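Q: Dropping a prediction and its sequence here:
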Amino acid sequence: MGSYWGLVILVGAAMVLQTVHSQGSCNGRDGHPGQPGARGRDGWPGSKGERGEAPLSGSHDGNFQSLKGELGSQGAPGAPGPKGFSGDFGSPGEAGHPGARGPDSGASAAGPPLVSAFCVVRNANTYPVANTKITFQKAIVNRPEHFHLNSGTFTCRVSGVYYFVFHYLSKVNMCVTLKADTAAGFSLGFCDHNVSGNVQVLSGGVVLKLTQGEKVWLESILPTPPQDREKKEMVFNGFLLFPR
């Protein structure tokens, strides 16, 4: 029992001494930072988060994603550029396949083809008599003899469209009329006045539509020049272009 009270007295005396010592100074000295503590243990795994929203549609640009804009209106055409140089010709292509057979010409398969053509020559030195049909001395082509040399007349045997042309060589004035006894009548004159006395050529031609039996011829419309014995030459041609 005596020991217990002695211990109490010692503790009380210590507390009194500590209080007196503390009242003797205003501030104590700062302490030193403590040492880092030991690493703690890993925590428990957290719960799984919620699923994120779906990605936006569009094109990617690096790590970013953007929405695709609306299609803009078409711009105005640009100015034409300068014309380029012509390129080289390519190599010839392969020959094509034969074409389909064309339609029949209309002529009878059993009959002869429709032909009418003539080329006659006048080489007389005399000047043609005015206002009369010009006659010819030689036929180079006359198939099938639709032209009559002595009368100087072509008679249509195949109705259709014809081409007629003449060439007249002379050293004097020349005037020639091409005539036809069509339903409407036809007369077309050609003239060349020669004042130099050199050889000149008078030419004239026409396309006519004739029916069977109609005639075509040439006439001179100038009087015979006095003492005219120069050589003259005339060629008269005609042929069927296509039957009617």
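A: On my side now, so go ahead.

Q: And the helices in this structure?
A: Taking DSSP state H as the criterion, the chain carries its helices at 2-23.

Q: pLDDT below threshold where in it?
A: 1-28, 54-67, 104-112, 224-231 (pLDDT under 70).

Q: Strands along that one, start to end?
A: Counting by DSSP state E, one finds strands in the chain at the ranges 60-61, 64-65, 117-122, 138-143, 147-148, 153-155, 160-170, 174-180, 186-192, 200-210, 215-220, 233-243.

Q: Figure out which of these is closest to residue 71.
A: Taking CB to CB, strand 60-61 is the member of these nearest to residue 71, at 18.9 Å. Any C-beta I mention is one placed from the backbone N, CA and C, and that applies to glycine too.

Q: Residue 179 versus residue 134, what's the distance?
A: 11 Å (CB to CB, to the nearest Å).

Q: Rebuild the strands of the chain as CSV, extending it with mean neighbour count and distance to residue 73.
A: Shown next, in CSV, are these (neighbours: other CB atoms under 10 Å; distance: least, CB to CB, whole Å):
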stretch, mean neighbour count, distance to residue 73
strand 60-61, 8, 24
strand 64-65, 10, 26
strand 117-122, 19, 68
strand 138-143, 13, 73
strand 147-148, 22, 76
strand 153-155, 19, 73
strand 160-170, 18, 59
strand 174-180, 20, 69
strand 186-192, 14, 66
strand 200-210, 16, 59
strand 215-220, 21, 70
strand 233-243, 17, 58
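
Q: Including distance to residue 74, could the ones you listed go into JSON lines?
A: Formatted as JSON lines, those follow (distance: least, CB to CB, whole Å):
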{"stretch": "strand 60-61", "distance to residue 74": "25"}
{"stretch": "strand 64-65", "distance to residue 74": "28"}
{"stretch": "strand 117-122", "distance to residue 74": "64"}
{"stretch": "strand 138-143", "distance to residue 74": "68"}
{"stretch": "strand 147-148", "distance to residue 74": "71"}
{"stretch": "strand 153-155", "distance to residue 74": "68"}
{"stretch": "strand 160-170", "distance to residue 74": "55"}
{"stretch": "strand 174-180", "distance to residue 74": "65"}
{"stretch": "strand 186-192", "distance to residue 74": "62"}
{"stretch": "strand 200-210", "distance to residue 74": "55"}
{"stretch": "strand 215-220", "distance to residue 74": "66"}
{"stretch": "strand 233-243", "distance to residue 74": "53"}
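
Q: I'm done for today, thanks for sticking with me.
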